[in-house]
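S.K.: Sequence plus predicted model, see below.
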Amino acid sequence: MAYSSLPDIIHAAASGAVTVIDVRETSEVQSTGLAAGALHIPLAMLAIKANPKSPDYDSRIAADKPIAVYCAVGGRAGMAASTLGNLGYDAMNIGGLGDWTAAGGPITR
């Protein structure tokens with residue numbers, strides 16, 4: 001399903017219809033928090049954690065629902081969306097954590 005706006009994605013994530021992944025480093029997440037309900041998988045680990053053939057596959061990443069990826073400002077999220085797309089996922093870059101909060105997305109610390 002295509003979402004037309006970040007508030008739509010936030011609403012879909014709250015209902016479990018979209019998986020949100022934060023690809024920032026742990027130190028960044030510790031200092032600013034995490035989008036509520038998001039998985040934290042640093043970009044360097046994403047290809048391993050998202051590959052169902054990997055022994056380190058994270059089963060919370062479901063192939064049957066879209067994935068929204070963010071980082072600090074959007075650059076790493078773009079690389080992550082590309083990586084996920086290459087693995088067969090429906091992934092979208094939603095920018096940075098600031099975009100999430102500006103659109104009304106809640107943060108957990």
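M.R.: On my side now, so go ahead.
S.K.: And the residue minimising distance to the centre of the chain, which helix or strand is it part of?
M.R.: Centroid check for the chain by CA atoms, centre = their mean gives residue 21 as the closest residue, at 2.1 Å. If you go by DSSP states H and E, residue 21 is part of strand 19-22.
S.K.: quick one: average pLDDT of that strand?
M.R.: Per-residue pLDDT values over strand 19-22 give a mean of 98.
S.K.: and that strand, C-alpha only, in PDB?
M.R.: C-alpha atoms of strand 19-22 as PDB (Å, rounded to 0.1, in the frame of the first residue of the first chain):
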ATOM      1  CA  THR A  19       7.200  -1.600  10.300                       C
ATOM      2  CA  VAL A  20       9.400   1.400  11.200                       C
ATOM      3  CA  ILE A  21      13.200   0.900  11.400                       C
ATOM      4  CA  ASP A  22      15.700   3.400  12.800                       C
END
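S.K.: how far away is the residue of the chain most remote from its centre from residue 45?
M.R.: Most distant from the centre of the chain: residue 55, at 20.9 Å, with distances by CA atoms, centre = their mean. Between residue 55 and residue 45 the distance is 13 Å, computed by CB to CB, to the nearest Å. All C-beta atoms are positioned from the backbone trio N, CA, C, and that covers glycine.
S.K.: Check what pLDDT residue 3 gets.
M.R.: For residue 3, pLDDT reads 83.
S.K.: nearest residue to it other than its sequence neighbours?
M.R.: residue 9 (4.8 Å; CB to CB, 6 or more residues apart in numbering).
S.K.: Return the residues in contact with the one you found.
M.R.: Shown in contact with residue 9 (CB atoms under 8 Å, 6 or more residues apart in numbering): 3, 18, 20, 68, 92, 94.
S.K.: Next, it: phi, psi?
M.R.: phi -70, psi -40 (degrees, to the nearest 10).
S.K.: which helices and strands sit right next to the strand holding residue 21?
M.R.: In terms of contacts (3 or more CB pairs under 8 Å, 6 or more residues apart in numbering; DSSP states H and E), strand 19-22 is packed against helix 6-14, strand 34-35, strand 39-40, strand 67-71.
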